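**Q** have a look; sequence and predicted model below, questions after that.
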Amino acid sequence: MEVKEKTTVVNEEEAEGEINYRGIKAMPFIIGNETFEKLGAIGTLHNLQIYLTTFFNMKRITATTLLNVFNGTTNFATLLGAYLCDTYFGRYNTLGFGSIASFLGLLLITLTATFKKLHPPHCGADDSQCIGPTAGQMAFLLTGFGFMMVSVTLVVYVQSDVSWPIGLAIPSIFMLVSCFLFYIGTKIYVKVKPEGSPLTSICQVLAVAYRKRRLKLAEQPWLHLFNYTPLKSINSKLPYTEQFRFLDKAAIKTPEDQIKSDGSAANPWRICSMQQVEEVKCVLRVIPIWAAAILYHVGEKQQYVVFQAMQSNRHLGSTTFQIPPATYAIFSMLSLSIWVPIYDRLVVPFLRRVTKKEGGITVLQRMGIGIFLTILESLVAAFVEQHRRNLAISRPTPGIHSKRGDVSPMSALWLVPQLSLAGLAEAFAAIGQVEFYYKQFPENMRSIAGSFFFCGMAAASYLNGFLISLVHRTTEGSSTGNWLPEDLNKGRLDYFYYLITALCVLNLCYFLVCAKWYRYKGTGSSIVAVEMEAREFDKPLV
């Protein structure tokens, strides 16, 4: 009797009824892989600012810029990953490679803390005794970051207060377990073969529209453009829209354009269907909204909260226990975790009864609320920092490191309101973005839609790094002094937060204009829709 291999490899040409997806059996392995990957990576990423400044002897501005570049490159890599996954490797191979790469990255960073030759010597009390990392040590560290491109409480505590080698070894072990859990379920996964990237269709429309740019459109283009939709297409049929009319020229049929017997184009680089054009329009309409999301992430990122916590009173009440600086990020996560179920279970049903809309409010309205909350977040952050600095100057407490400055008697728990607002803003804007991209992109571009969110975060990381470097350089010799020095008590971090607040206000105005202009996918003129529906009874253009 022939034994069948449990591993399934499928493509679109196979009948759907013959595929056994085994979702319940495969789910524990995927969830386990994701859970241990997050346990391994998130805690370390939140604590890297402390590691780079206290253990690797980097300046705060250098460490912050490096992490911004790292985060930006990591998030931009998702777009490349989506393309390679769809076109060449498939999801199984991509996930496997990514898991191994994350493990190797964490392992290399662990080695930088374990072996003395891979990190600079311990910094003494005097600034002159601080020796920065060598080129070789930086290269080894950046190699670990590179692999990480492809757990906030306990892990951060062990790293900060117990031992960096042990604390960094814990995430590495978690990541190793993550890899093991992923590969142990190999035999029951359904491996879908890569069948090409939808980015090709976008390139075809842009190229053909440019080639036919001198042609003139008819008065009612939706009645004359080449229109073909594959029978097995997963994309919803889109009505004609008036925006980006220059792209319509890609669907103008000329005598040189050849059409197959089934109605499709013989050469998709010579003529595109109206459906293809409308799909590209969907992507282009999203870009202005995506640009507004970039500045949202800039406002939402609290790059200096860790350093503020380091120069604040972190004792828990009257006890001797001190909360690790990087752990304060958990308050943002708690705010997000608490608000999301409240919003879904209580707020949405109430709004649904008032507005008669399925989601209570539109996705763009939800994003707008999140952007508005970043204004409040930055404003609160400025007030708190001003209060922390004033107390540090009037009633200073000697810090552990003299070069880091005195510690303010203000409790670090005063940072909780701005972090809570950050979590609340994320519940509206970030989750709204994911839903917006998922719904507004064509169905065959869902992987690209997911990457769009991370590309926005990537651009925000680069922009944030640029702003920090620009402010650091331009204010260094000014009358107000350097806003972002090593010792926050000697700087004006509150001014920097006011600057972010002003940018967020401008961003909100820009977003409102874009939201007013935006047309949701599938919404077109009713007259056009009726005429296009009548055209379905006509013969195809051949």
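**A** That came through fine.
**Q** give me the number of residues near P417?
**A** Residues lying near P417 (other Cβ atoms under 10 Å) number 17. In this view, the C-beta of every residue, glycine as well, is placed from N, C-alpha and C.
**Q** can you tell me the closest non-neighbouring residue to it?
**A** In space, P417 comes closest to V380 once its chain neighbours are excluded; the distance is 5.4 Å by Cβ to Cβ, 6 or more residues apart in numbering.
**Q** repeat for P325
**A** A309 (3.9 Å).
**Q** could you do A63 as well?
**A** With Cβ to Cβ, 6+ apart, the residue lying closest to A63 is L52, at 3.9 Å.
**Q** equivalent analysis for V340, please.
**A** A427 (5.4 Å).
**Q** would you mind measuring from that neighbour to A460?
**A** From A427 across to A460, the span is 18 Å (Cβ to Cβ, to the nearest Å).
**Q** please apply the same query to T474.
**A** 21 Å.
**Q** same check, this time on K212
**A** The gap separating K212 from A460 is 37 Å, by Cβ to Cβ.
**Q** give me the more crowded residue out of these two.
**A** Shown here are K212 and A460; by other Cβ under 10 Å, A460 has more neighbours (23 against 19).
**Q** identify the residue spatially nearest to the more buried one, adjacent ones excluded.
**A** Nearest residue to A460 in three dimensions, chain neighbours excluded: H297, at 3.2 Å (Cβ to Cβ, 6+ apart).
**Q** still on that earlier bit, and the next helix or strand past the host helix or strand of the residue nearest to P325?
**A** Using DSSP states H and E, A309 sits in helix 305-310. The helix or strand immediately downstream of helix 305-310 is helix 330-342, counting by DSSP H and E.
**Q** surely V347 and G360 touch.
**A** Yes: between V347 and G360 there is a contact under Cβ atoms under 8 Å: 6.8 Å.
**Q** more crowded one of the two?
**A** Ranked by neighbour count (other Cβ under 10 Å), V347 and G360 place G360 first, with 19 against 13.
**Q** tell me who's in contact with that one.
**A** Each residue near G360 by Cβ atoms under 8 Å, 6 or more residues apart in numbering is listed here: V347, V348, P349, F350, L351, R352, V354.
**Q** what sits against the residue nearest to A63?
**A** M58, T62, A63, L66, L67.
**Q** swap in 10 Å and give it another go.
**A** Each residue near L52 by Cβ atoms under 10 Å, 6 or more residues apart in numbering is listed here: M58, K59, R60, T62, A63, T64, L66, L67, P133, L141.
**Q** and the fifth one, how many neighbours does it have?
**A** What that stands for is A63. A63 has 22 nearby residues by other Cβ under 10 Å.
**Q** host element of it?
**A** Assigned by DSSP H and E, A63 belongs to helix 60-84.
**Q** and the helices in the stretch 401-542 of the chain?
**A** 416-425, 431-440, 446-474, 493-517, 526-535 (DSSP state H, counting those that start in this stretch).
**Q** tell me the most buried of these?
**A** helix 416-425 (a mean of 22; mean count of other Cβ atoms under 10 Å).
**Q** show me what that one is packed up against.
**A** Applying 3 or more Cβ pairs under 10 Å, 6 or more residues apart in numbering; DSSP states H and E, one finds that helix 416-425 contacts helix 274-300, helix 305-310, helix 330-342, helix 363-394.
**Q** swap the cut-off to 7 Å and go again
**A** helix 330-342, helix 363-394 (3 or more Cβ pairs under 7 Å, 6 or more residues apart in numbering; DSSP states H and E).
**Q** what residues does the first one touch?
**A** Put plainly, it is helix 330-342. Applying Cβ atoms under 7 Å, 6 or more residues apart in numbering, the contact partners of helix 330-342 are V152, T153, V416, L419, S420, A422, G423, L424, E426, A427.
**Q** ok, so of these, who is nearest G465?
**A** A422 (18.5 Å; Cβ to Cβ).
**Q** distance check, the nearest residue in space to that closest one that is not next to it in sequence against R285.
**A** Leaving aside its sequence neighbours, A422 sits nearest to S332 (Cβ to Cβ, 6+ apart; 4.7 Å). Per Cβ to Cβ, S332 is found 31 Å from R285.
**Q** which one's more surrounded, these two?
**A** Legend: neighbour count by other Cβ under 10 Å for S332 and R285, higher for S332 (24 against 19).
**Q** tally of neighbours for the residue nearest to V340?
**A** 23.
**Q** correct me if wrong: it contacts Y343.
**A** Yes: between A427 and Y343 there is a contact under Cβ atoms under 7 Å: 6.5 Å.
**Q** show the pLDDT at S525.
**A** S525 is assigned a predicted lDDT (pLDDT) of 52.
**Q** and S172, by the same measure?
**A** If you check S172, the pLDDT there is 66.
**Q** check contacts around I393.
**A** N489.
**Q** so what's the residue count around the residue lying closest to E279 once chain neighbours are set aside?
**A** In space, and not counting its chain neighbours, E279 is closest to P442: 4.3 Å by Cβ to Cβ, 6+ apart. Neighbours of P442 under the rule other Cβ under 10 Å: 24.
**Q** and what of G299?
**A** 29.
**Q** in this structure it contacts F372, no?
**A** No: in terms of Cβ under 7 Å, G299 does not count as a neighbour of F372; the distance is 10.2 Å.
**Q** hang on, the residue nearest to E279 packs against C282?
**A** Yes: the criterion here is Cβ under 7 Å, and P442 meets it with C282 at 5.9 Å.
**Q** next up, phi/psi of A265, please.
**A** In terms of degrees, to the nearest 10, the main-chain angles of A265 are phi -70, psi 140.
**Q** and the gap between it and I271?
**A** 5 Å.
**Q** now swap in K356 and tell me
**A** As for K356, its distance to I271 is 43 Å (criterion: Cβ to Cβ).
**Q** which one's more surrounded, those two?
**A** Neighbour comparison, K356 and I271: the larger count goes to I271, with 26 against 8 (by other Cβ under 10 Å).
**Q** leaving out sequence neighbours, find the closest residue to F428.
**A** G370 (3.3 Å).
**Q** thought the one you found was touching A425?
**A** Yes: counting by Cβ under 7 Å, G370 does reach A425; the two are 4.7 Å apart.
**Q** got any ranges where the stretch 101-250 of the chain has weak pLDDT?
**A** 123-130, 132, 137, 140-172, 174-175, 177-179, 181-183, 185-197, 232-234 (pLDDT under 70).
**Q** again with the stretch 351-500 of the chain
**A** 398-404.
**Q** got a list of what E278 touches?
**A** Counting by Cβ under 7 Å, 6+ apart, E278 touches L238, Y240, T241.
**Q** quick one: it and V347, what's the gap?
**A** Distance from E278 to V347, by Cβ to Cβ: 34 Å.
**Q** how far does stretch 244-252 stretch from start to finish?
**A** 15 Å (Cα to Cα, to the nearest Å).
**Q** what of stretch 120-135?
**A** OK, stretch 120-135 end separation, Cα to Cα: 11 Å.
**Q** ok, N482 touching E476?
**A** Yes: when contacts are counted by Cβ under 7 Å, N482 is listed as touching E476 (4.7 Å).
**Q** quick one, which of those two is more surrounded?
**A** Neighbours per residue (other Cβ under 10 Å) separate N482 from E476, with N482 holding more: 19 against 12.
**Q** and the more buried one, what is it in contact with?
**A** Contacts here follow Cβ under 7 Å, 6+ apart; on that basis N482 touches H472, T475, E476, G491.
**Q** again, but for L66
**A** Going by Cβ under 7 Å, 6+ apart, L66 touches L52.
**Q** great, nothing more from me.
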